[in-house]
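Peer 1: Task: produce atomic coordinates for the following.
(chains A and B)
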Amino acid sequence: GESVGLHLPTLSVQEGDNSIINCAYSNSASDYFIWYKQESGKGPQFIIDIRSNMDKRQGQRVTVLLNKTVKHLSLQIAATQPGDSAVYFCAEKDNKLIFGAGTRLAVHP
Amino acid sequence: DSGVTQTPKHLITATGQRVTLRCSPRSGDLSVYWYQQSLDQGLQFLIQYYNGEERAKGNILERFSAQQFPDLHSELNLSSLELGDSALYFCASSVEGEGGEAFFGQGTRLTVV
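Peer 2: Sure, this is the predicted structure:
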């Protein structure tokens, strides 16, 4: 497949390890903060979101943490698998949906 | 399958030309977003429509325009094309209200030669 964002930062992890992807956001008025996953040649896919009045939300193998004090968002993936290899984008929603810079996650066996 | 359909999948055209990209949102979704994704950039927000009305505008060039029709499908028109307009163009749709989930189409790859 084609590469998206050749100059994206890359996080390399070993299969089975936990991954943490970080993001800084800018708009304190955003209602929701979201993580999307984009595999090569595909459109972004929703992973999990968190409302602005929360600081933690868990999904299946994923946890999102929101620190409003420092405007920081993180995505934790437990027991990372090869299928998790993709580009991960954080996004914020204040009516419009604005994406941050992506991070490429590379999972090695 | 996200339920969002974009056509065409690929488009090759010459500089100076005009093209129209089409998006059919998920059934029931009133909001449509358009994004541009170049190789060295992330997803750049272009414009959002809600139930036929423009709701928000991002970094959309004056050469670009969009609209949402009564049946909720949307079109993005790109004119006076330049080499730098070559990119993936994504459409997304969502149910307005709670949550940040939007559903993306597979994108249209535009190549300007």
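Peer 1: mean confidence score for stretch A:70-86?
Peer 2: Stretch A:70-86 shows a mean pLDDT of 96.
Peer 1: Buried residues in stretch A:69-85, which are they?
Peer 2: Residues of stretch A:69-85 classed as buried by neighbour count (16 or more other CB atoms under 10 Å in any protein chain shown): A:71, A:73, A:75-77, A:80, A:84-85. C-beta coordinates here come from the backbone N, C-alpha and C atoms, glycine included.
Peer 1: Keep those residues, but drop any that are not near chain B.
Peer 2: Taking CB under 8 Å from any CB of the partner chain as the test, chain B is in contact with none of the buried residues of stretch A:69-85.
Peer 1: Now do the strands for chain A: every range, in order, please.
Peer 2: A:10-14, A:19-24, A:32-38, A:45-51, A:56-58, A:62-67, A:72-77, A:86-94, A:96-108 (DSSP state E).
Peer 1: let me fix that: chain B
Peer 2: Counting by DSSP E, the strands of chain B are B:5-7, B:10-13, B:19-24, B:31-37, B:43-50, B:53-57, B:64-68, B:74-78, B:87-94, B:103-104, B:108-112.
Peer 1: now these as a markdown table including distance to A:Glu15, mean pLDDT and mean neighbour count?
Peer 2: Shown next, in a markdown table, are these (distance: least, CB to CB, whole Å; pLDDT from 0 to 100; neighbours: other CB atoms under 10 Å in any protein chain shown):
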| stretch | distance to A:Glu15 | mean pLDDT | mean neighbour count |
| --- | --- | --- | --- |
| strand B:5-7 | 33 | 98 | 16 |
| strand B:10-13 | 34 | 98 | 14 |
| strand B:19-24 | 37 | 98 | 19 |
| strand B:31-37 | 28 | 96 | 25 |
| strand B:43-50 | 28 | 95 | 22 |
| strand B:53-57 | 40 | 94 | 13 |
| strand B:64-68 | 42 | 98 | 18 |
| strand B:74-78 | 40 | 98 | 21 |
| strand B:87-94 | 29 | 97 | 25 |
| strand B:103-104 | 27 | 96 | 22 |
| strand B:108-112 | 31 | 98 | 18 |
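Peer 1: export those to TSV and tack on distance to A:Leu105?
Peer 2: Converted to TSV, the strands of chain B look like this (distance: least, CB to CB, whole Å):
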stretch	distance to A:Leu105
strand B:5-7	25
strand B:10-13	27
strand B:19-24	28
strand B:31-37	18
strand B:43-50	17
strand B:53-57	30
strand B:64-68	32
strand B:74-78	30
strand B:87-94	20
strand B:103-104	18
strand B:108-112	23
